[in-house]
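Participant: mind folding the following:
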Amino acid sequence: METSVVIPTYNEEENITEIVSRVSESLDGMEHEIVIVDGNSEDGTPGTVKELMEEYENLRLIEREEREGLGAAYRHAFGKVEGEVVVQMDADISHPPEKIPEMVEAVKDGSDVAVGSRYVESGERKDPFHRRVFPLIGSYLYRFLLDSPVRDVTSGFKAYRREHAEQISEADLPAGFHFQAASLFHLLENGATVEEVPITFQERNAGEPKYDYPGDLIDNALLLLKLASRRHHRILKFGVVGAIGTVVNMGLLYLFTEYVGLHYMVSAGIAVESAIISNFVLNDLWTFIDRKKDGLKHLLERFTKFQAVSLTGLGLNLGLLWVFTEIAEIYYLLSNLIAIIIVFFWNYVINLFWTWTET
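Facilitator: Numbering: from 1, shown residues only. Below is the predicted model:
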């Protein structure tokens, strides 16, 4: 079979007849099946589908006993379809069925995944403004934090090469709406190629939206955080080590000043150097463990470089604090915060490419 179109439903009786009709019409002349995956609808959706099955011989119904979520429905169905190209889409007619042949063709032409995109040239959204804001922000963050090659990461309109649909069905992926981004990145991380096909995304035709605010929004935010931490794990580790170093610095400054009786400037010198040593040890054993070279000579070389970078960063911090406060006339605490952020990235980049060179 050439194409399988999978459509999850939950209380979509008002839309199901039109979506089946338009999908069937768009694939006229192409061997295909339309698979409805119903999550225990309470409005008669399964009954309507069964009636439509008498008219459309290529229409199938998979009834699930519980409403487990959008992702769960797709994963379940993807393991049971027969088409060489597998299409997923919503039942509310927000995705234009007339675009399915173009997406199928993109897969046939060599792409592993075709995404119906609202954010590429000629793509458009016509749903209410309040429903556009968070997806647009999310799309930007996915590109910024994860360097995503796909602009419309959260699109629910996709076509897959069969083996990639099967891969999704077997993967440990979320059951909720954040399945959309999670499944896409799962495929991207496994080398899948993606082409975006521009679509005009319409407002829901009838019935109630299934996206749950704020629950699904929180799930998507947590997924983004999880993917970002996995991709940027080294810089996050470097940040954790820096935070520990700050605690060491402040603690020793207080200890040597208040309990040992040293002058606070002497205590500060001891505290700064102790924090540098602490940071070096933790970075060497944790953050950059895969990049360090064995041997005492290389260890001393790394420590010397790290010391130089840290002291240079300290001087840079003080210099930026003065510039932002005295010249730019920014409040000194905000100036210090900006300086700390800049120096953090300075320290990370220089240490990454100079102190801990790749083995």
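Participant: extract the C-alpha set from stretch 75-94 and format it as PDB.
Facilitator: Below are the C-alpha coordinates for stretch 75-94, written out as PDB (Å, rounded to 0.1, in the frame of the first residue of the first chain):
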ATOM      1  CA  ARG A  75       2.600   5.000  18.500                       C
ATOM      2  CA  HIS A  76      -0.100   2.400  18.700                       C
ATOM      3  CA  ALA A  77      -1.300   2.900  15.200                       C
ATOM      4  CA  PHE A  78       2.100   3.300  13.600                       C
ATOM      5  CA  GLY A  79       2.800  -0.300  14.400                       C
ATOM      6  CA  LYS A  80      -0.300  -1.500  12.600                       C
ATOM      7  CA  VAL A  81      -0.400   0.500   9.400                       C
ATOM      8  CA  GLU A  82       0.400  -0.900   5.900                       C
ATOM      9  CA  GLY A  83       1.500   2.100   3.900                       C
ATOM     10  CA  GLU A  84       5.000   2.800   2.700                       C
ATOM     11  CA  VAL A  85       4.400   6.400   3.600                       C
ATOM     12  CA  VAL A  86       2.700   7.100   6.900                       C
ATOM     13  CA  VAL A  87       0.900  10.500   7.400                       C
ATOM     14  CA  GLN A  88      -0.300  11.800  10.800                       C
ATOM     15  CA  MET A  89      -2.800  14.700  11.100                       C
ATOM     16  CA  ASP A  90      -5.500  16.200  13.400                       C
ATOM     17  CA  ALA A  91      -9.200  15.400  13.000                       C
ATOM     18  CA  ASP A  92     -10.300  19.000  13.500                       C
ATOM     19  CA  ILE A  93      -9.500  20.000   9.800                       C
ATOM     20  CA  SER A  94      -6.900  22.500  11.000                       C
END
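Participant: now it: average pLDDT?
Facilitator: Mean pLDDT, computed over stretch 75-94, is 95.
Participant: just the buried residues of it, please?
Facilitator: Applying a neighbour-count criterion of 16 or more other C-beta atoms under 10 Å, one finds 75-78, 81, 83-94 buried in stretch 75-94. C-beta here means a position set from N, CA and C on the backbone, and glycine is covered the same way.
Participant: domain ranges for the protein, per the record?
Facilitator: For the chain, automatic domain parsing gives the domain ranges 3-231, 233-355.
Participant: any idea how far apart the tips of the first one sit?
Facilitator: The reference is to domain 3-231. End-to-end distance of domain 3-231 (C-alpha to C-alpha, to the nearest Å): 34 Å.
Participant: centre-most residue in this protein?
Facilitator: residue 224 (3.9 Å; C-alpha atoms, centre = their mean).
Participant: how about the helices in the stretch 51-200 of the chain?
Facilitator: 70-78, 100-108, 133-146, 162-170, 179-189 (DSSP state H, counting those that start in this stretch).
Participant: can I get those in JSON lines with distance to residue 298?
Facilitator: Below are the helices of the stretch 51-200 of the chain laid out as JSON lines (distance: least, C-beta to C-beta, whole Å):
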{"stretch": "helix 70-78", "distance to residue 298": "47"}
{"stretch": "helix 100-108", "distance to residue 298": "50"}
{"stretch": "helix 133-146", "distance to residue 298": "33"}
{"stretch": "helix 162-170", "distance to residue 298": "42"}
{"stretch": "helix 179-189", "distance to residue 298": "32"}
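Participant: packing partners for the helix or strand hosting residue 335?
Facilitator: Using DSSP states H and E, residue 335 sits within helix 332-350. For helix 332-350, the contact count by 3 or more C-beta pairs under 8 Å, 6 or more residues apart in numbering; DSSP states H and E identifies helix 233-258, helix 296-322 as packing neighbours.
Participant: would you mind checking the average pLDDT for the last one?
Facilitator: Just to be clear, that refers to helix 296-322. On average, helix 296-322 scores 92.
Participant: can you give me the angle it makes with helix 233-258?
Facilitator: 80 degrees (axes from the mean of the first three to the mean of the last three C-alpha atoms, to 10 degrees).
Participant: helix 296-322: which residues count as buried?
Facilitator: Applying 16+ other C-beta under 10 Å to helix 296-322 flags 302-303, 305-306, 309-310, 313, 317, 320-321 as buried.
Participant: among these, which one lies nearest to residue 249?
Facilitator: residue 310 (11.2 Å; C-beta to C-beta).
Participant: so that closest one touches residue 283, yeah?
Facilitator: No. Applying C-beta atoms under 8 Å as the test, residue 310 and residue 283 come out as separate, 10.5 Å apart.
Participant: quick one: low-confidence ranges for the stretch 251-359 of the chain?
Facilitator: Applying pLDDT under 70 to the stretch 251-359 of the chain flags residues 358-359.
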